[in-house]
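Enquirer: What follows is a protein structure lacking sequence information:
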């Protein structure tokens with residue numbers, strides 16, 4: 001089995017998911033102001049402990065909300081690069 005945003009997406013709408021989403025979003029936007037780009041790996045670390053796929057869904061939700069956008073790269077999921085969307 002592999003990661004699927006559609007399967008993991010419901011976690012984002014739980015109380016715990018919303019707490020993590022807001023914390024990761026705020027931290028990520030702050031980091032983007034300083035650095036201009038960030039890898040998924042650092043965002044996952046900021047999310048703290050939890051199910052890796054659920055945490056990955058938080059990042060995909062930020063893309064869906066257009067808070068961040070992905071810069072296409074080749075490589076592992078955790079090496080995805082993001083910049084500010086707006």
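Expert: It's in. What you see is a predicted model; the values in this text were computed from it and never measured.

Enquirer: mind listing the helices in the chain by residue range?
Expert: Taking DSSP state H, the helices of the chain run over residues 5-12, 15-35, 40-47, 52-64.

Enquirer: Check those for me: which has the lowest mean pLDDT.
Expert: Confidence, taken as mean pLDDT, is least for helix 40-47 of the helices of the chain (a mean of 92).

Enquirer: which residues sit against that helix?
Expert: 20, 23-24, 27-28, 31, 52, 55-56, 58-59, 77-82 (CB atoms under 8 Å, 6 or more residues apart in numbering). No exception for glycine: its C-beta is placed from N, CA and C like everyone else's.

Enquirer: Out of those, which end up buried?
Expert: 20, 24, 27-28, 31, 55-56, 58-59, 80, 82 (16 or more other CB atoms under 10 Å).

Enquirer: could I get those as CSV with distance to residue 39?
Expert: Output for the buried ones among the contacts of helix 40-47, formatted as CSV (distance: CB to CB, whole Å):
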residue, distance to residue 39
20, 18
24, 13
27, 13
28, 11
31, 10
55, 14
56, 13
58, 15
59, 10
80, 7
82, 8
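
Enquirer: quick check, nearest of those residues to residue 71?
Expert: Comparing those against residue 71 with CB to CB places residue 82 closest, at 6.9 Å.

Enquirer: quick one, what contacts the residue most central in space within the chain?
Expert: What sits nearest the mean C-alpha location of the chain, by CA atoms, centre = their mean, is residue 59, with 1.7 Å. Taking CB under 8 Å, 6+ apart, we find residue 59 in contact with 24, 40, 43-44, 68, 80, 82.

Enquirer: With residue 68 instead?
Expert: 28, 32, 59, 62, 82-85.

Enquirer: out of those residues, what pair is the most spread apart?
Expert: So, the contacts of residue 68 by CB to CB: farthest apart are 59 and 84, at 14.0 Å.
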